[in-house]
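Participant: Pasting the sequence and the predicted model now:
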Amino acid sequence: MKELLTDLDRWQRQDKAIAVARVVDLDGSGPRLPGAAMAVNEDGEVAGSVSGGCVEGAVVVEALEVIETGERRTVTFGYSDDEAFAVGLTCGGTIHLFIEPLDW
Amino acid sequence: MAGSLYPKLRDAIKGERPIALATVIEGPHLGSKMLVTPDEVDGSLGDEDLDRVVSRDVLGELAAGRTGIRRYGSQGQARADDVAVFIESFAPPPQMLIFGAVDFTAALARVSKFLGYRVTVCDARPMFATKQRFPFANEVVVDWPNRLLDEVGSSLAERDAIAVLTHDAKFDIPAITSALHTDVGYIGVMGSRRTHDDRTKRLIDAGVTNDELARLRSPIGLDIGGRTPEETAISIVAEIIALRTGREVPALTNTEGSIHR
């Protein structure tokens, strides 16, 4: 969260709607620990990261839906071996993200 | 829509004050939040009893610097799974105290800063202990290290570190004996094998026990063959990481022979 503060401040000053995705749980090996966070604003601008770059693209899509609907959600990303183009972690771990609007 | 909790969290993180955020991520009142500091609880998870139980747990997690999920009944009951709460601790940065204002100090200050430490450089010689020489230090103190430790030693804990880089017995001995009186997690002391042997004798003469000597990482750092101040700095912080994770790696403390081969 700490590394997001500068961008969050700027986006709030610009009155942008924002969603924040946080890693809340991890099974097996994963690149980032619980607490790793990423923020997306209504224009699709991104700050921070929640993996080694494996799932960030999909998180942007989820975050934009959260901004659109205002509904919080938990999203899980796992291993992506069986479907070559599916979104997932190549390291074999599973991460659980909680994504919510920055309305608090 | 802007709330009142995020600004408080942001200000505490920026001010390096300990704070934890608890968020309901499963169950009723999804997304409801509580901010907890050692002095104050803000917000609610939607149930008074749940708030009471969680705020107590959050304080414990914050003190340990832990982040993770805890599960409760809807009124805070243990061994129930109605509500999942994600507790995120924002502890202030760990401290790195570097004694001795030498070339190695500048490199270690920079690398420590990179790893998230709050860095203090301390040396009794005003000519060397300047902010200009150590731009990456949060603080440069002109004083004897043992006197600095009289002031701040009680705030040091397991995740903090002290690096004694003076390799001058006049400064080393009082600095090390003072450091051993703190709960700091890492005490590394620089010097050649010969300096180390001589210093060990002086420490024993000064009343340092074998158990206390065993706390010292001396000569400082991992045996990776580093030569430059920057490479030495990496070997020091790598040793700190390895001690935290409990990995077996070749440390100069446990090996023999010349440090620079």
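Facilitator: Received the coordinates, thanks.

Participant: and the residue of chain B found nearest chain A, how far is that from residue A:104?
Facilitator: Using CB to the nearest CB, the single residue of chain B nearest to chain A is residue B:3, 3.9 Å away. Just so you know, the C-beta spots here come from the backbone N, C-alpha and C atoms, and that holds for glycine as well. Separation of residue B:3 from residue A:104 (CB to CB, to the nearest Å) stands at 4 Å.

Participant: Comparing these two, which residue is more hemmed in?
Facilitator: Between residue B:3 and residue A:104, residue A:104 has the larger neighbour count (other CB atoms under 10 Å in any protein chain shown), namely 20 against 13.

Participant: does that one count as helix, strand or coil?
Facilitator: What DSSP: H, G, I helix; E, B strand; the rest coil gives for residue A:104 is coil.

Participant: who's in contact with it?
Facilitator: B:3, B:5, B:6, B:31, B:33 (CB atoms under 8 Å, 6 or more residues apart in numbering or on different chains).

Participant: Next secondary structure element downstream of the longest helix seen in chain A?
Facilitator: The longest helix of chain A (DSSP state H) is helix A:56-69. Later in the chain than helix A:56-69, the nearest helix or strand by DSSP states H and E is strand A:73-77.

Participant: so what does that next one touch, helix or strand wise?
Facilitator: With contacts taken as 3 or more CB pairs under 8 Å, 6 or more residues apart in numbering or on different chains; DSSP states H and E, strand A:73-77 sits against helix A:56-69, strand A:94-101.

Participant: could you give the angle of it to strand A:94-101?
Facilitator: For strand A:73-77 against strand A:94-101, the angle by axes from the mean of the first three to the mean of the last three CA atoms, to 10 degrees is 150 degrees.

Participant: any idea how far strand A:73-77 is from the chain center?
Facilitator: Averaged C-alpha coordinates place strand A:73-77 at 9 Å from its chain's average position (CA atoms, centre = their mean, to the nearest Å).

Participant: Show me what counts as buried in it.
Facilitator: A:73, A:74, A:75, A:77 (16 or more other CB atoms under 10 Å in any protein chain shown).

Participant: Columns distance to residue B:217, mean pLDDT and mean neighbour count on top of the helices and strands packed on strand A:73-77, output as JSON lines?
Facilitator: Converted to JSON lines, these look like this (distance: least, CB to CB, whole Å; pLDDT from 0 to 100; neighbours: other CB atoms under 10 Å in any protein chain shown):
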{"stretch": "helix A:56-69", "distance to residue B:217": "38", "mean pLDDT": "94", "mean neighbour count": "17"}
{"stretch": "strand A:94-101", "distance to residue B:217": "35", "mean pLDDT": "94", "mean neighbour count": "22"}
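
Participant: among the ones you listed, which is nearest residue A:27?
Facilitator: strand A:94-101 (4.2 Å; CB to CB).

Participant: So what touches the closest one?
Facilitator: Contact partners of strand A:94-101, identified using CB under 8 Å, 6+ apart, comprise A:17-28, A:30, A:32, A:50-51, A:55, A:59, A:62-63, A:66-67, A:70, A:72-79, A:89, B:1, B:23, B:25, B:31, B:86.

Participant: mind checking how far that strand is from the chain centre?
Facilitator: Counting by CA atoms, centre = their mean, strand A:94-101 comes out at 6 Å from the chain centroid.

Participant: Pull up the pairing partners for that strand, direction included.
Facilitator: strand A:18-27 (antiparallel), strand A:73-77 (antiparallel) (DSSP bridges).

Participant: Tell me which of these sits nearest to residue A:44.
Facilitator: Proximity to residue A:44 (CB to CB) singles out strand A:18-27 among these, at 10.8 Å.

Participant: next one: that closest one to chain centre, how far?
Facilitator: That offset, for strand A:18-27, works out to 6 Å (CA atoms, centre = their mean).

Participant: export the helix or strand containing residue B:111 as CSV, just CAs?
Facilitator: If you go by DSSP H and E, residue B:111 is part of helix B:103-114. Extracted C-alpha coordinates of helix B:103-114, given in CSV (Å, rounded to 0.1, in the frame of the first residue of the first chain):
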residue,chain,number,x,y,z
ASP,B,103,33.4,4.4,2.6
PHE,B,104,31.7,1.2,3.5
THR,B,105,29.2,3.2,5.5
ALA,B,106,28.0,5.1,2.4
ALA,B,107,27.4,1.9,0.5
LEU,B,108,25.7,0.2,3.4
ALA,B,109,23.5,3.2,4.0
ARG,B,110,22.4,3.1,0.4
VAL,B,111,21.7,-0.6,0.3
SER,B,112,19.9,-0.5,3.6
LYS,B,113,17.7,2.3,2.5
PHE,B,114,16.9,0.3,-0.7
